[in-house]
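# Predicted model, plus sequence, below.
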Amino acid sequence: MRRARPVLALAVVSFAAGAVLGIHHSAPPGDALADQFVTAWTRREYTSMYSDLGASSRRSTSLSEFVGDYEDALRIATATQLEVTGRARSAPGAGVVVPVRVDTRRFGSLALSFTLQIDESQAGPSIAWSRSLSFPGLQAGELLSRDTSLPERAALLARDGSVLAEAAPGAVADAPAESNRNSPLGDVADAVLGTVGPVPAARRQELEEQGVPPQAIVGLSGLELAMDDRLRGTAGGALLAGDHVLRYVKPRPAAPLRTTVSPAVQRAAVSALGGQLGGIVAMQPATGQILAVAGLGLDGLQPPGSTFKMITTTGVLSARLATEHTVFPYATYATLDGVKLNNANGEECGGTLELAFAVSCNSVFTPLGVKLGAGRLVKTAELFGFNHEPGIAGAAESTLPPATQIQGELDVGSTAIGQGEVLASPLEMATVAATIADGGRRPRPTFLPEAARTGVRVMSASVARTLRHLMIAVVREGTGTAAAIPGVTVAGKTGTAELKTACTTSSTPEASSSEAKEATKNGCQGSESEAANTDAWFAAFAPALHPRVVVCVLLVKDGAGGATAAPVAREVIEAALQAEH
C-alpha cells in the first residue's frame, strides 16, 4: 500500500484534470461572446456590441439603426440601471441565455434574460442579430412597447387648505385640456394657476423618459407648470413584449398639494389690476412665499426704470461712496459723455441722498451710477437675482448686460436708473424689495410652504436699514405718497420707465442702442408726461419696520409709477394685511 500511494495520487490528479478539460471542451464556444455582448449592453457600449455581430447582420442593419433600437427600448422601459446577474448558459438551438436585471423608473426592477443565437464560422463565433434582441425578455419577432396611463391630476390647494384647482368631474389625464381643471376662484386664479394642455414639443423627450405618454395633459404655465411633477402622480400601465405583459403597475395619484397662495390676496391683486396690461406679485419677504400673482407677474419683462435705484443705492452705500446725508447739487439734468440726461419733466432736484431718492432724481443717480462703475453695478444686480434663473418653472429671467458691454458714462448712467438694456419682471423687483425688507438677505421665491430656502446675503443689515429709511421717505413725502395707508408705515420705490425716445442708451427692448443714443443726442427732453410712452412701476413692503408683505406692480404704458402703480399696490397691501387677521 505504501508503494501504491504515489500512483493513486497521480491517478486522482489526472482524473481531475481530465474532468476540467472535458467540461471546457463541452461548453458552447459562444458563451464568452454572449457574456461580452451583454456586458457591453449594460454599459451602453453599442459600437462594441455592433462589432460582435456577424457579417450578414451588419449588412442588414446599420450602426445608427442598431443604436437607435437599443436607445428606444431603454427609453420605453424608462430604464435607469442595467446589470448582468449570472453566467451565460446554453439553450436549445445553438442559443445562449444571459440573465440580467433592468431597474426602471416606472416598472420597478425587472429580472429578465437575453437569448442570443450564435453563428459559428471559420473566423470564429458571432451574434446572429434581430430587433428582438434590443431588450431582454423578447422572443423572436417581438418588439418592446409601453401602454402608459396617468392617474387623475392632483388638486392644488391654497395656503388655508381651500381648493385652488382640481380635476373636473369625469376628467381623465388625456382628455381635452379645457375639460381637465376647475377652480372655485374662476378667472381670478388664472394668472397664478396657469394652464394645462398637451405635452409641448420642447418637453416631449424629457417627459417620455419619465414615463409620461405623448397624449398626456401637463402643466404649461403658472403653478400647473411649476408643480407639474408633483401634480401628475406616478404613471402606471404595462410594459409589453409583443402581446404579452412583462410588468404591469397601477397608476398612483399624487396627494393634494398645498401652496402659498392666499385666495384673499389673489382676488385683490386681480381686482386691482383690472383689465390693464401689467403684472402684480405679492410675497412674504422673510420666506419668499408667493401670496398672489396677477397678469404678467412672473413672465413680463420690461425696463424697471427708477425701481432699479434700489439696486444702485445698495451698491453706492455698500461701497461707501455716499451716505443718506450726502448732499448733491440741484440740477435739471446730468451730462454724461457730452449728452444731457434730463430729470422727469425737466424738474430741478438734488439735496441729500435721502431727498434725491424720495423724488427719484436722475441728475443725482446717473452720475452716482458712473461713480459706482459698471462692474460693481452689475455685481450688485446679480446678487439681487439678475442674470439668474428665478427658481420657478415658467418665470422669466431678469437681465442686464455684462459689465464689459456697458461702456462709457452714458451707458452706465442709463443702466443705473433702470433704462438702457435692463429688463426685469415684477417677481424680480418684488424680490429686490423683499431683500431690503428682510435686512439684506434675498429670499428665494417659492410656491411651497414647506420649502426650506436659505436666503443670499446681498447687503449688510445697516445698509438695508438705510434703504428702508429711504423707501419710507418715498411714501411719506416723495413720489409714492399715493401708496400711503393710514396707521401703517409703508416703504416703497416708484419707477417710470421710458419706452420710446428715452434719454438712455436704448429706448425699448426692440430698439437698438445706437438708435436710442441718436435720439438722446438729438435733444430728448424726457417724456414721463406721455402715459403711453412709459411703464409705471411700484415696489413696496409693509409694515415698514416689521414687514409682512411685499408687493410689486407693473402697469405697461400707463404713465408715472407714483400716479398709477402706487395706488394699485396700496390695494393689494391692504388686502394682504387684512387677510392675516
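The structure has been received and is ready for your questions.

# List the buried residues of stretch 194-205.
Gly194, Val196, Gly197, Val199, Arg203 (16 or more other C-beta atoms under 10 Å). (Glycine included, C-beta is placed from N, CA and C.)

# got the end-to-end distance for it?
22 Å (C-alpha to C-alpha, to the nearest Å).

# what's in contact with it?
Stretch 194-205 is contacted from outside by 153, 177, 180-181, 207, 212, 214-226, 394, using C-beta atoms under 8 Å, 6 or more residues apart in numbering.

# Following the helix or strand of the chain with the lowest mean pLDDT in sequence, what is the next regular element?
Least confident element among the helices and strands of the chain, by mean pLDDT, DSSP states H and E: helix 513-521 (a mean of 38). Once helix 513-521 ends, the next helix or strand along the chain (criterion: DSSP states H and E) is strand 534-542.

# by contact count, what packs against that following strand?
helix 426-437, helix 461-477, strand 491-498, strand 549-555, helix 566-579 (3 or more C-beta pairs under 8 Å, 6 or more residues apart in numbering; DSSP states H and E).

# The last one - contacts with which helices or strands?
It refers to helix 566-579. helix 263-273, strand 278-283, strand 290-295, strand 491-498, strand 534-542, strand 549-555.

# Any chance of these in CSV with mean neighbour count, distance to Gln81 and mean pLDDT as columns?
Converted to CSV, those look like this (neighbours: other C-beta atoms under 10 Å; distance: least, C-beta to C-beta, whole Å; pLDDT from 0 to 100):
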stretch, mean neighbour count, distance to Gln81, mean pLDDT
helix 263-273, 23, 44, 97
strand 278-283, 29, 41, 98
strand 290-295, 30, 37, 96
strand 491-498, 31, 52, 96
strand 534-542, 30, 49, 97
strand 549-555, 33, 45, 98
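
# picking up where we left off before, out of the helices and strands packed on strand 534-542, which gets nearest to Val84?
helix 426-437 (50.2 Å; C-beta to C-beta).

# Give me the mean pLDDT for that closest one.
The average pLDDT within helix 426-437 is 98.

# Mean confidence (pLDDT) on the next helix or strand along the chain from it, please.
Moving toward the C-terminus from helix 426-437, the next helix or strand (DSSP H and E) is strand 441-442. The pLDDT scores in strand 441-442 average 96.

# Just give me the residue right at the centre of this protein.
For the chain, Ala393 is the residue whose C-alpha lies nearest the centre (C-alpha atoms, centre = their mean; 3.6 Å).

# and that one, how far is that from Trp129?
The gap separating Ala393 from Trp129 is 42 Å, by C-beta to C-beta, to the nearest Å.

# sorry, back to before: help me confirm that the residue nearest to the centre of the chain comes into contact with Gly222.
No - Ala393 is beyond contact range of Gly222, at 9.4 Å (criterion: C-beta atoms under 8 Å).

# Could I get the full set of strands for the stretch 251-400 of the chain?
For the stretch 251-400 of the chain, the strands defined by DSSP state E, counting those that start in this stretch cover 257-258, 278-283, 290-295, 327-331, 333-336, 339-342, 349-352.

# Now distance to Ala40 too, for these, in JSON lines please.
Compiled in JSON lines, those are given as follows (distance: least, C-beta to C-beta, whole Å):
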{"stretch": "strand 257-258", "distance to Ala40": "43"}
{"stretch": "strand 278-283", "distance to Ala40": "53"}
{"stretch": "strand 290-295", "distance to Ala40": "49"}
{"stretch": "strand 327-331", "distance to Ala40": "73"}
{"stretch": "strand 333-336", "distance to Ala40": "65"}
{"stretch": "strand 339-342", "distance to Ala40": "67"}
{"stretch": "strand 349-352", "distance to Ala40": "75"}
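
# what would the helices and strands packed on helix 566-579 look like in CSV with distance to Gln36?
As requested, the helices and strands packed on helix 566-579 are exported to CSV (distance: least, C-beta to C-beta, whole Å):
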stretch, distance to Gln36
helix 263-273, 62
strand 278-283, 59
strand 290-295, 55
strand 491-498, 66
strand 534-542, 65
strand 549-555, 62
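
# Ok, which of the ones you listed comes nearest Thr564?
strand 534-542 (4.4 Å).

# tilt between the closest one and strand 278-283?
Angle of strand 534-542 versus strand 278-283, following axes from the mean of the first three to the mean of the last three C-alpha atoms, to 10 degrees, is 10 degrees.

# For strand 534-542, C-alpha coordinates in PDB please.
Written as PDB, here are the backbone C-alpha positions of strand 534-542 (Å, rounded to 0.1, in the frame of the first residue of the first chain):
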ATOM      1  CA  THR A 534     -43.900 104.900 -20.000                       C
ATOM      2  CA  ASP A 535     -44.300 101.800 -17.900                       C
ATOM      3  CA  ALA A 536     -45.400 102.500 -14.400                       C
ATOM      4  CA  TRP A 537     -43.800 100.600 -11.500                       C
ATOM      5  CA  PHE A 538     -44.100 100.500  -7.800                       C
ATOM      6  CA  ALA A 539     -42.400  98.100  -5.300                       C
ATOM      7  CA  ALA A 540     -43.200  98.300  -1.600                       C
ATOM      8  CA  PHE A 541     -43.400  96.500   1.700                       C
ATOM      9  CA  ALA A 542     -45.400  97.000   4.900                       C
END
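
# Can you list the strands that that strand pairs with?
Partners of strand 534-542 in the sheet, by DSSP bridges, are strand 491-498 (antiparallel), strand 549-555 (antiparallel).

# what inclination does that strand have with respect to helix 461-477?
Going by the same axes, to 10 degrees, strand 534-542 is angled at 120 degrees with respect to helix 461-477.

# The residue lying closest to Asp31 once chain neighbours are set aside - how many residues pack around it?
Leaving aside its chain neighbours, Asp31 sits nearest to Ala88 (4.4 Å; criterion: C-beta to C-beta, 6 or more residues apart in numbering). By other C-beta atoms under 10 Å, 24 other residues sit near Ala88.

# same check, this time on Ser262
Neighbours of Ser262 under the rule other C-beta under 10 Å: 24.

# about what we covered before: hang on, the residue nearest to Asp31 packs against Gly95?
No - applying C-beta under 8 Å, one finds Ala88 not in contact with Gly95, separated by 10.1 Å.

# what's the overlap in contacts for those two?
With C-beta under 8 Å, 6+ apart, Ala88 and Gly95 have no common neighbours.
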